Structure formats: structure tokens, C-alpha cells
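>>> A structural model of the following input is requested.
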Amino acid sequence: MRDGWRRVALGDILKLRSERTHHVSTLLSVTADRGVIRQSESGRRDSSSADKSLYLDVHPGDIVYNTMRMWQGVSGVAGEAGIVSPAYTVCCPEGEIHAPFISYLLKTPRLVSQFYRNSQGLVSDTWNLRYHEFSSIEIMLPPLEEQRRIAEILDDVDEQLAISRAVLAKEERLQWAALRERLTVPALGAGELGAYQRNDGYPRWVKIADVCRVSSGLTPARAEGDLYYAESGIPWVKTLDLNEGLLRATSESVTDIAVRTFGMRVYAPGTVLVAMYGGWAQIGRTGLLGKSAVINQAISALEVKGGKEVDPWYLVVALQSLRGAWRRVGISTRKDANITKSDVEEFMIPLPSYPDQAMLASVAAGFRNRAERARSAIEKLEQFKKSLLGQLVGCEV
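Now for the predicted structure:
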């Protein structure tokens, strides 16, 4: 045990707050990465109840956690007063407690693992961590001044992360704005496919089927295990492998036997891939094969037809710029929306001259390289923060 640190139960330092005075009615929300924020700043639709009589008061400095997602570490410290849904648990720090330190502590892997073990429910959608179970979990607590010093160090890392994320967001905004301007295409949302701007700059719009062969793949039988899947086999692309850039690696590979047994098509480098399934967060994701690979049934492969002057990188750029237009053609017979191979074939893109395509692809590459550097900086900072959390607040009980 470190000098001055003491063993306490969370219930000894975080008391349940059940007030419903609603002196301040600002609706708050708790997010995994941003902590406690105003619901209006969350980017999500306000689905709160019209009757907020059961909503809980939150005071500045309170620790608030999502009762049904605490096993994922969804908690934070409130920076302002407001109210939250009864789906949240509100705790008031008591004694020599520095709330920002506690907020960091509650996100350490060891504690999140304990929250997971203590959550109750039949399936993950109903798992919840009630205050009774939460309050009985023990931690090691440093003296108040050490809590402050640790929080300040981690705050500095978070500030650098915020700067890097802002740089990444700016690069992405600039990229799409620049490309749309050069493509003379507006930012598209749901139902706006018919609003394409066809002016004298780019009079030629084509269906993807006019310039590409479109096909999809399949999933070999999982029950056969090692017969069809291998660690170092033929790369097998799934939706989550698509990275909006050059695809050099996949999370899974299949064997030669799988390719022969199921007649899987092996696509050449330079093939453009588009996601068809998985809801709006996934539909329209793209990638350009950097090596030969096979694909699953949730992806369309676009191979430029012989004699057609289409730069594959330009095709990726055009599809990314028009991604919002898929909402017009997406269908949903299940929980998540999807598009079909026919939808991909009928999808229209502007097709400038081949030199202009190369220029646009080059512009996109510049933005993509800067964005990749920002992503790399974010990943390094996140790993550094994780290491610091373990060193500074990860003391075992």
C-alpha cells in the first residue's frame, strides 16, 4: 500500500443524491468520452420524457454514471447544475475528495471490470449497476493533495487529446468542403439525392454500373473453423475493416480451401469497396484494396471496366463526398438500414476528365495524410493516458 493511501468503499465517499427540486432545469447527459455535458451538445436527439418530475438534480462536482452502461465506464463529473434522467445514478462526493480524480479513477480498467462483474441483468441490454452494488466496491484512496496532483497531470493529457481531436475534425471538414467545391456537389443529407447540382463545370454524371463491374462476396461456414479460416491466409474484408483509405490489412483471413469450396472471388489491388449493411454509421464506408483479398456479402466490390478512364482513388473520393446520399436509397426490414448491389449500380457520381480526377485524388491524399498524422497523435496520447492511469490511480486494493 502506498504511503498515505487508505482503503475505502465507494459508498463511503460517494453518497447517493436523490433530490428532485429542479431549481436548475438544464438537461444533462453522460457520455463515454466527454463525461457530463448538456444534452443539447451531445449531438443526439432529445428523447427525454415530457414529464420530468422523476428526473434527478445534479450539482456541480457530482459524479454521475449511466446505470445501464457503467460496465462500459460511462460516467463523469458534473461541471454545472442540471437534471438527468432516472436512468442515471447521481452521487455527491463527501469528505476529502477531489471529484475530477474520482472521475478518472472510475474509468480505470480494474474498476470497470468490477462494475461489469457487479452489474445485473439477463442480457447486456438490461445490465445495470445499482447504487447498492456500486457503493460496496472498495478502492485505494490517496490523500487530497495527491488526488489533485494526479488529476492535474491527467487533465493536461486530456487537453492535448482535445487539441488533437480538434485538428482531426478540422482536417476532415476542410477535406469534404474542398472536394465538394471542386465536385460542385453540396453537402447531402437524407432524401437529397435529387438535389445534385449539375452545372457546366461537371456536366457528366454517370451510374456506377456504367463505369464499374459491381459484385459482392460471402462468409464461409463458421462451423468448419480451421478448415476455412486461418491467421495468415487470404485477407477477408468485412465492413469494419474499411478505413476510407488504402486497405492493407484485415482482422480475419480465409484459407485456399474456403476460396475453392465457396467459389470466392479474389479481388485485385485497386478494387474499390463499399459497405452495404450495418446502419447509417456503416453504409457507404469505403476502402481501396492495397493487396489481393476476398470480401463478405455486406460489401460491394467496384472494378473499373476496361476502356473506362476512372481513377480508383477518385472513385473513393467521390463516394465519400456523396455518402449522405445513400439515405435516399437505404431500406430497413430489420433494425439496421442497408443498401443493395442494385442500389450501388444505380448510384450516380460526377465524372470529370481523367486529369481532373487525378487532381482531386491528390487533394484528398494531402488531407488524408494530415488526418492520419492527427489520428496517430491521438492514439499515442490515448495509450499514454492509459499507462498513466495505471501508474497513478491503478493501485490494487
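
>>> Next up, the contacts around the residue nearest to residue 22 when sequence neighbours are not counted.
Sequence neighbours aside, residue 83 is the residue nearest to residue 22 in space, at 5.9 Å (criterion: C-beta to C-beta, 6 or more residues apart in numbering). For glycine as for every other residue, the C-beta is placed from the backbone atoms N, C-alpha and C. Going by C-beta atoms under 8 Å, 6 or more residues apart in numbering, residue 83 touches 22, 24-28, 52, 55-58.

>>> Next, name the residue at the spatial heart of this protein.
residue 281 (8.5 Å; C-alpha atoms, centre = their mean).

>>> residues near residue 136, how many?
For residue 136, the count of nearby residues is 11 (other C-beta atoms under 10 Å).

>>> Could you list which residues are in contact with the closest residue to it other than its chain neighbours?
Among residues not flanking residue 136 along the chain, residue 9 sits closest, at 5.9 Å (C-beta to C-beta, 6+ apart). Going by C-beta under 8 Å, 6+ apart, residue 9 touches 135-139.

>>> Please dump the residues you listed into JSON lines; it should also carry distance to residue 64 and pLDDT for every row.
JSON lines is the format used below for the contacts of residue 9 (distance: C-beta to C-beta, whole Å; pLDDT from 0 to 100):
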{"residue": "135", "distance to residue 64": "15", "pLDDT": "96"}
{"residue": "136", "distance to residue 64": "19", "pLDDT": "96"}
{"residue": "137", "distance to residue 64": "17", "pLDDT": "96"}
{"residue": "138", "distance to residue 64": "21", "pLDDT": "95"}
{"residue": "139", "distance to residue 64": "18", "pLDDT": "93"}
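
>>> Where do the domain boundaries of this protein fall?
Following automatic domain parsing, one finds the domains of the chain at 6-44+51-142, 186-352.

>>> The nearest residue to residue 345 once chain neighbours are set aside: which element?
Spatial nearest neighbour of residue 345, chain neighbours left out: residue 209 (3.8 Å); criterion: C-beta to C-beta, 6+ apart. Residue 209 is part of helix 208-211 when elements are defined by DSSP states H and E.

>>> who does the helix or strand just after that helix touch, helix- and strand-wise?
The C-terminal neighbour of helix 208-211 among helices and strands, as given by DSSP H and E, is strand 212-216. On a contact count with 3 or more C-beta pairs under 8 Å, 6 or more residues apart in numbering; DSSP states H and E, strand 212-216 meets strand 299-304, helix 341-346.

>>> So for strand 212-216, mean pLDDT?
For strand 212-216, mean pLDDT is 96.

>>> Run the chain-centre distance for the longest strand belonging to the chain.
Longest strand in the chain, counting residues (DSSP state E): strand 229-237. Using C-alpha atoms, centre = their mean, to the nearest Å, the distance from the centre of strand 229-237 to the centre of the chain it belongs to is 25 Å.

>>> what do you get for stretch 130-147?
Remark: stretch 130-147 is offset 30 Å from the chain centroid, using C-alpha atoms, centre = their mean.

>>> Contacts for that stretch, please.
Applying C-beta under 8 Å, 6+ apart, the contact partners of stretch 130-147 are 1-2, 4-11, 13-14, 16, 65, 67, 70, 89, 91, 96-98, 101-102, 105, 111, 114-115, 118-120, 150, 395-397.

>>> Now, of those residues, which are buried?
Among the contacts of stretch 130-147, those classed as buried by 16 or more other C-beta atoms under 10 Å are 8, 10-11, 13-14, 65, 67, 70, 89, 91, 97-98, 101-102, 105, 111, 114-115, 118-119, 150, 395.

>>> Tell me which of these fall in helices.
Among the buried ones among the contacts of stretch 130-147, DSSP state H puts 10-11, 13, 101-102, 105, 111, 114-115, 118, 150 in helices.

>>> and these, which two are the farthest apart?
Maximum pairwise distance among those (C-beta to C-beta): 24.7 Å, between 118 and 150.

>>> that older thread, identify the bridge partners of the residue nearest to residue 136.
For residue 9, the beta-bridge assignment (DSSP bridges) gives partners residue 138.
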